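A.B. asks: Okay, sequence plus prediction incoming.
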Protein chains: 2
Amino acid sequence: MTAEPPAPDTPETPAPGTATPGTPTPGTATPGTVRPGGRTARVRAAVLRAAEDALVEHGFSGLDLGDVAQRAEVGRTTVYRRWGTTSALVADLLTDMAEQSLPRTRTGSLAEDLRANARLVQRTLADPRQGALFRAVIVAATCDPGAAEALRRFYLRRVEEWAPCVTEAVERGELPPDTDEFEAVRAVSAPLYYRMLTTAEPLDEAAADRAAAAAEAAARAGAYRRQDI
Amino acid sequence: MTAEPPAPDTPETPAPGTATPGTPTPGTATPGTVRPGGRTARVRAAVLRAAEDALVEHGFSGLDLGDVAQRAEVGRTTVYRRWGTTSALVADLLTDMAEQSLPRTRTGSLAEDLRANARLVQRTLADPRQGALFRAVIVAATCDPGAAEALRRFYLRRVEEWAPCVTEAVERGELPPDTDEFEAVRAVSAPLYYRMLTTAEPLDEAAADRAAAAAEAAARAGAYRRQDI
DNA sequence: GACCTAATGGAACAGGAATCCCGTTAATGA
DNA sequence: TCATTAACGGGATTCCTGTTCCATTAGGTC
């Protein structure tokens, strides 16, 4: 978010044209890759922040590249040229979001760890800004394969961050040895997202604690063992 | 889906204008309410089916009322006048979907019941047509309050259909007496939806069985008791 | 069967988003 | 510091979505 120095790999659409894969087409390279420093990076940071604001306010369906350009105080042409579509812009935003990993809290017990995770997710989704942003990117991922891939990478990062608390519980003998730590961590988030999408009930701490307790009970019962059946 | 005879209550937006609630405004009533029989019903059925097809093919973000009108072999003006927006059309489609409730299978055991539910959800989401349709309506619900309300009613119907298998298990003494049957039923679906939205892993029967087993274990452990804490 | 009018449908119209053109600015390497 | 050209930005243009107007069709009722 805060002034990305470079764009390491292709943050935009892989290639604009499908013609002549043999020729490198030096003049048709994706913008932002040859001179990624200085202005280009500033433009990207401003546009991503503006996109975030716009998504929070109007959701993905109301995302307009012209509006984003105005908010970012950047030319419309620039936004259309570098990102092209709202889906591609959200995908780039998601890769940016994935890079800022917030470290997990480390407590000693499985129950505490899972509850900390559940409350973090609950607070995020219940927060007006963060919650709206997450809903918007989920919508984008459901509409576009590129955004979907970016969303998957984002959640993979998050799950990887929290998986150790399950493996440590396995090592302590609290859980079956072949417990799938990814599946267990996802089990904490799942009820919270499902509730947000399909009910009007509030996402409060009680819901978070229930999700954590349910995941823990299921894990202890061996519901997330790998070679099931 | 198959030729709705009438439209019992207001299927469209509640009221187009906010002006003068005292006057009934006889000439400005919402179309389709005064003469709901015959052609009007046929048009609604054709449009809803066309909307379903369009959603499956292009998703909610690609839903175009003009395209829907063409598929339904109905005038564009009619679709724009009766539904107005893509969100309202999806909301009407959802109320139509909620009316066709498929009855739950009744087995004797909690584990079997939950697994039957999980596999039904899994098959629905894994089916190319049904899965795409569900993703599309979830997107619509995330974008529009009216569609969200319709989606909630749809899922409420579904959960109500399956809740008895939990209450029966409570009566048999398999589960704690104050188990929240709605929460328990939702716990079966949650991991499947979460997996569909945030990962690329396939929604197979193993995932369904895992979801059912996890929900059962959590329920037995008392994770869905009402007066928790 | 005849009347009334709700509801439909074709066509023209309007507004806004995406694209194109081309001059300007500044990042990169010497 | 200077030359090169990648990247940006303003404005005109095109295309498409949504609206409006009015003639036509067909429910509902006597």
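C.D. replies: Received, thanks.

A.B. asks: can you pull out the helices in chain A?
C.D. replies: Under the criterion DSSP state H, helices of chain A are mapped to A:39-58, A:65-72, A:76-82, A:86-99, A:110-126, A:128-143, A:145-171, A:181-198, A:205-220.

A.B. asks: Which one of those lies nearest to DNA strand C?
C.D. replies: DNA strand C lies closest to helix A:39-58 among these, at 3.3 Å (C-beta to the nearest atom of the strand). For glycine as for every other residue, the C-beta is placed from the backbone atoms N, C-alpha and C.

A.B. asks: close to DNA strand D, is that closest one?
C.D. replies: Yes: against DNA strand D, helix A:39-58 shows contacts by C-beta under 7 Å from any atom of the strand at A:39, A:40, A:43, A:44.

A.B. asks: by contact count, what packs against that helix?
C.D. replies: Secondary-structure packing of helix A:39-58 (3 or more C-beta pairs under 8 Å, 6 or more residues apart in numbering or on different chains; DSSP states H and E): helix A:65-72, helix A:76-82, helix A:86-99, helix A:128-143.

A.B. asks: quick check, that helix touching DNA strand C?
C.D. replies: Yes: Helix A:39-58 reaches DNA strand C (C-beta under 7 Å from any atom of the strand) through A:39, A:40.

A.B. asks: What sits closest to the residue nearest the centre of chain A if chain neighbours are left out?
C.D. replies: Closest to where the C-alpha atoms of chain A average out (C-alpha atoms, centre = their mean) is residue A:154, at 3.7 Å. Distance criterion C-beta to C-beta, 6 or more residues apart in numbering or on different chains; nearest residue to residue A:154, sequence neighbours excluded, is residue A:98 at 4.3 Å.

A.B. asks: so who does the closest residue to DNA strand D within chain A touch?
C.D. replies: With C-beta to the nearest atom of the strand, the shortest gap between chain A and DNA strand D falls at residue A:75, namely 2.6 Å. The contact partners of residue A:75, by C-beta atoms under 8 Å, 6 or more residues apart in numbering or on different chains, come to residue A:69.

A.B. asks: mind checking how far it is from residue B:164?
C.D. replies: 60 Å (C-beta to C-beta, to the nearest Å).

A.B. asks: Tell me how many other residues crowd residue A:146.
C.D. replies: Using other C-beta atoms under 10 Å in any protein chain shown, the number of residues around residue A:146 comes to 19.

A.B. asks: just checking, it touches residue A:86?
C.D. replies: No: between residue A:146 and residue A:86 there is no contact under C-beta atoms under 8 Å: 11.2 Å.

A.B. asks: quick one: pLDDT of the residue nearest to residue A:135 when sequence neighbours are not counted?
C.D. replies: Closest residue to residue A:135 apart from its sequence neighbours, by C-beta to C-beta, 6+ apart: residue B:142 at 5.1 Å. Listed pLDDT for residue B:142 reads 94.

A.B. asks: Look up how far residue A:99 lies from residue B:142.
C.D. replies: To residue A:99, residue B:142 is 25 Å away according to C-beta to C-beta.

A.B. asks: between those two, which one's more packed in?
C.D. replies: The neighbour comparison of residue B:142 against residue A:99 (other C-beta under 10 Å) goes to residue B:142, with 22 against 12.

A.B. asks: so what's that one up against?
C.D. replies: Listed by C-beta under 8 Å, 6+ apart, the contact partners of residue B:142 are A:59, A:135, A:136, A:138, A:139, A:197, B:148.

A.B. asks: Residue A:211 now?
C.D. replies: Going by C-beta under 8 Å, 6+ apart, residue A:211 touches A:118, A:122, A:188, A:189, A:190, A:191, A:192.

A.B. asks: Please tell me I have it right and the third one contacts residue A:215.
C.D. replies: I take that to be residue A:188. Yes: using C-beta under 8 Å, residue A:188 is in contact with residue A:215, at 4.5 Å.

A.B. asks: overlap in contacts of these two?
C.D. replies: With C-beta under 8 Å, 6+ apart, residue A:188 and residue A:215 have common neighbours A:114, A:118.

A.B. asks: Which one's more surrounded, those two?
C.D. replies: residue A:215 (33 against 29).

A.B. asks: so what's that one closest to, chain neighbours aside?
C.D. replies: Sequence neighbours aside, residue A:187 is the residue nearest to residue A:215 in space, at 4.0 Å (criterion: C-beta to C-beta, 6+ apart).

A.B. asks: From residue A:169, how far out is the one you found?
C.D. replies: To residue A:169, residue A:187 is 13 Å away according to C-beta to C-beta.

A.B. asks: which neighbours do these two share?
C.D. replies: With C-beta under 8 Å, 6+ apart, residue A:187 and residue A:169 have common neighbours residue A:219.

A.B. asks: neighbours around residue A:203, how many?
C.D. replies: Residue A:203 is flanked by 21 other residues according to other C-beta under 10 Å.

A.B. asks: I appreciate the help and will end here.
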